[in-house]
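[1] Quick check, what structure comes out for this input:
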Amino acid sequence: MENKKFNQFLYSQPGYPDVDPTARYYFNVYSKLLRILGERQFKGLINLNNMSMFAVCMTGYLQDVIADAGVWRSFIDQCKRMYGKWIPFYDTDENYLEYELNPEDVSFMVWYLIAMCDGDTRNVSPDNPLIQIISDRIYNYFESIYEDAPIPENFRFASELEYHDPEDQDAIYNLGLWLFMHSFLLIPAFSLRLDELLRECLSESEPDMGKVQEKIGIAMNEDTLGPLAYYINEWVHLIITGKLPAAPKEKTPVNSEEHPYYKKVVDAFDGREIVFFRTYEELNRFFIDVLGWDKDEKHLEALSSHGDFVVMVNKEKGMLVAKDVARCVAAPSNELYDKEYARKHSFELLTERGKCPIDLLLKLKENDWLPDATFPGTDTRTLVKDNFDFIARCYLQNYYRGD
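    Below you'll find the predicted structure:
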């Protein structure tokens, strides 16, 4: 049984099927983590089915930091660049050591793995007391072995690669493939999407594994992953060069004229770009009276069983309609805003994929119109407000970055 577990562990390692001489050492670390995670006191947060993945990822974190492989370094560098702090949620002080083992980093990883890998604990707060207990146990163990732990050479996968060197392209592709399939940091945030892909393929009477591989190949090129929702080419570029690839130049719009819906809405609502409707009947009347759509017809009838609509217009893009969210939006002009309802449901706009269009979500962020969003069961509004962009990236992935 142990040999089987060891072989499964090896499969997650860079360079597989080649075996790093340190693999047995880190398999023992993985085994120790399983014993810690299996303690009765953690049963409420650690799902038995996810323990192995949790232990593999935490071991990978330690290996990456010891080898300075670049994955963790890239993540905290980008957090510092975007948010002015090394780690989301957790404050650091003068004792924080960049690119070394830190208790705050372990706390983040524990929250990230619990939140991303299990639907039952997906909305767990980073302030959950059990997370700190688990983190302390793991950090204390890691600290006890940190100075003497061998360097996992296979984790130094990017140390000598040149991003634009033709001779390195095969190695760069293999690096991207490993990051996409096995990285301790990137896989957890992709696990929900991966489950969707597998369900799509395996629901057929005769599952086609070729189709599974085809869909995963497409996802590798089109989906974001990791806590910052970067595309795999962005992660690879970041790890090898220390910076993101240059953003493509924005194309000049072929037609720069103002969208007709925009003018109709702002003229009808005293210059406002965002309006609210309680019922579908009110929304449909807006389509007819303001936009001039056909009378005596139910427009966008798929919305007829919903309510609490937000309509937003943009000069270039036109109009978007969001359903079941208006009561969460604390805009001055929104008479539907319901503070008690918002306290229970605002967080969903940041975490449920497809619930809130990205342009609307960015509008809410810009104007602080989602002030009641908290991790369920908590009242720490500042935790969500201060980490708004990160939470949206981590939970929503393509639905936040892919627009």
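
[2] C-alpha only now, for contacts and for neighbours.
    Noted.

[3] Below-threshold pLDDT in the stretch 201-350 of the chain: ranges please.
    201-209, 250-256 (pLDDT under 70).

[4] the helices in it, which residues?
    209-222, 232-241, 260-268, 280-289, 339-345, 348-351 (DSSP state H, counting those that start in this stretch).

[5] got the angle for the second one vs helix 209-222?
    Relative orientation of helix 232-241 versus helix 209-222 (axes from the mean of the first three to the mean of the last three Cα atoms, to 10 degrees): 60 degrees.

[6] Now do helix 232-241: which elements does it pack against?
    helix 71-83, helix 169-182 (3 or more Cα pairs under 8 Å, 6 or more residues apart in numbering; DSSP states H and E).

[7] Looking at those helices, which is nearest to Val275?
    helix 71-83 (31.0 Å; Cα to Cα).

[8] Mind checking the pLDDT average for the closest one?
    Here helix 71-83 scores 97 as its mean pLDDT.

[9] average pLDDT for the following helix or strand past it?
    Following helix 71-83 in sequence order, the next helix or strand is helix 103-117 (DSSP states H and E). Averaged over helix 103-117, pLDDT sits at 96.

[10] Identify the residues contacting the helix or strand just after helix 103-117?
    Following helix 103-117 in sequence order, the next helix or strand is helix 129-146 (DSSP H and E). Taking contacts as Cα atoms under 8 Å, 6 or more residues apart in numbering, the residues outside helix 129-146 that touch it are 33, 36-37, 42, 45, 62, 66, 101-103, 106-107, 110-111.

[11] Please apply the same query to stretch 13-31.
    Here stretch 13-31 has contacts from 6, 9-11, 55-56, 58-59, 63, 150-155, 157, 178, 182, using Cα under 8 Å, 6+ apart.

[12] ok, now stretch 384-394?
    Here stretch 384-394 has contacts from 88-89, 189, 226-229, 350-351, 365, 371, 373-375, 400-401, using Cα under 8 Å, 6+ apart.

[13] Please report which of the contacts of helix 129-146 has the highest neighbour count.
    Tallying neighbours with other Cα atoms under 10 Å puts Trp111 at the head of the contacts of helix 129-146, with 26 neighbours.

[14] Against Leu225, how distant is that one?
    17 Å (Cα to Cα, to the nearest Å).

[15] Equivalent analysis for Asn387, please.
    Counting by Cα to Cα, the gap from Asn387 to Leu225 is 18 Å.

[16] Looks to me like Asp64 is in a strand.
    No. Secondary structure assignment (DSSP: H, G, I helix; E, B strand; the rest coil) places Asp64 in helix, not in a strand.

[17] my read: it touches Phe75, true?
    No. Counting by Cα atoms under 8 Å, Asp64 stays clear of Phe75, with 11.8 Å between them.
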